[in-house]
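Visitor: Sequence plus predicted model, see below.
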Amino acid sequence: MRKAPLLASVALLLAVPALGQALKGHNAKSPVDVEANSIEVQDRADRAVFSGNVVVRQAGLTMNAGRLTVAYARAGGGVDIDRLDASGGVVIRSDTETARGDFAVYDLNRRLITVIGGVELNQGGNRISGGRLVIDLDSGRAVVDGKSAGGEGGSGGRVTGRFTVAKDRK
């Protein structure tokens, strides 16, 4: 009777990387457009804080949040964005995927997006839930684990998933 848990584990291992493939090769060097209700520039700290209905767009990727802190470095009379820290009902969308969580960090230099706290990753009819999601934009690999940085994930410290099955399967 151990076949069902084994099959579920195999399905999970096969499906999780596939869920992240839509972001493979995302152009993290594309311009980042941000809109919000307000902005506070903290120039001495090299950051800007956007709040209220924040929308971030970059090359087919959209992120919504209640608050966003943009960390930047000064370069050639301008600024280069290094990192985006989002909080407050974070939703990240591409053409084929949606990720949700309490907080997200988009490290543009390392090309990683980390979402923590009550994470849910959806692609079509497939859904994975857990405490933390890390997407590597170079490989498209998505890894979900059960615990967030602050403790248990929304699924009791475990990863859960629901996957579609081909309807024409006999």
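Guide: In hand now; what should we look at?

Visitor: for this protein, what are the low-confidence residue spans?
Guide: By pLDDT under 70, the low-scoring segments of the chain are 1-22, 148-156, 169-170.

Visitor: So which residues of it form strands?
Guide: Read by DSSP state E, the chain holds these strands, from start to end of the chain: 33-35, 38-42, 47-58, 61-75, 78-93, 97-107, 112-123, 126-136, 142-145, 147-148, 151-152, 160-162.

Visitor: Give me the contacts around the third one.
Guide: What it means is strand 47-58. With C-beta atoms under 8 Å, 6 or more residues apart in numbering as the contact definition, strand 47-58 has outside contacts at 26-28, 30-42, 62-72, 84, 86. The way it works is simple: take the backbone N, C-alpha and C, and place the C-beta from them, glycine included.

Visitor: same thing but 6 Å
Guide: Applying C-beta atoms under 6 Å, 6 or more residues apart in numbering, the contact partners of strand 47-58 are 30, 32-41, 63-65, 67-71.

Visitor: buried set for it?
Guide: Judged by neighbour count using 16 or more other C-beta atoms under 10 Å, the buried positions of strand 47-58 are 47-51, 54, 56, 58.

Visitor: Okay, now the sheet partners of it, with direction.
Guide: On the basis of DSSP bridges, the sheet neighbours of strand 47-58 come out as strand 33-35 (antiparallel), strand 38-42 (antiparallel), strand 61-75 (antiparallel).

Visitor: now those in CSV, with mean neighbour count?
Guide: Conversion of the strands paired with strand 47-58 to CSV gives the following (neighbours: other C-beta atoms under 10 Å):
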stretch, mean neighbour count
strand 33-35, 13
strand 38-42, 11
strand 61-75, 18
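
Visitor: Any chance of those strands in TSV with distance to Leu121 as columns?
Guide: As requested, these are exported to TSV (distance: least, C-beta to C-beta, whole Å):
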stretch	distance to Leu121
strand 33-35	23
strand 38-42	30
strand 61-75	14
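
Visitor: Those: which one's closest to Asp138?
Guide: Asp138 sits nearest to strand 61-75 of all the strands paired with strand 47-58, at 14.5 Å, using C-beta to C-beta.

Visitor: Only alpha carbons, please: show the closest one as CSV.
Guide: C-alpha atoms of strand 61-75 as CSV (Å, rounded to 0.1, in the frame of the first residue of the first chain):
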residue,chain,number,x,y,z
LEU,A,61,6.6,39.3,-15.6
THR,A,62,4.2,41.3,-13.3
MET,A,63,4.3,41.5,-9.6
ASN,A,64,1.6,43.1,-7.4
ALA,A,65,2.1,43.9,-3.7
GLY,A,66,1.1,46.3,-0.9
ARG,A,67,4.7,47.6,-0.4
LEU,A,68,7.9,47.4,-2.4
THR,A,69,11.5,48.3,-1.4
VAL,A,70,13.9,48.8,-4.3
ALA,A,71,17.6,48.6,-3.5
TYR,A,72,19.9,50.2,-6.0
ALA,A,73,23.5,51.1,-6.6
ARG,A,74,24.7,54.3,-8.2
ALA,A,75,26.2,53.9,-11.6
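
Visitor: Alright, calling it a day.
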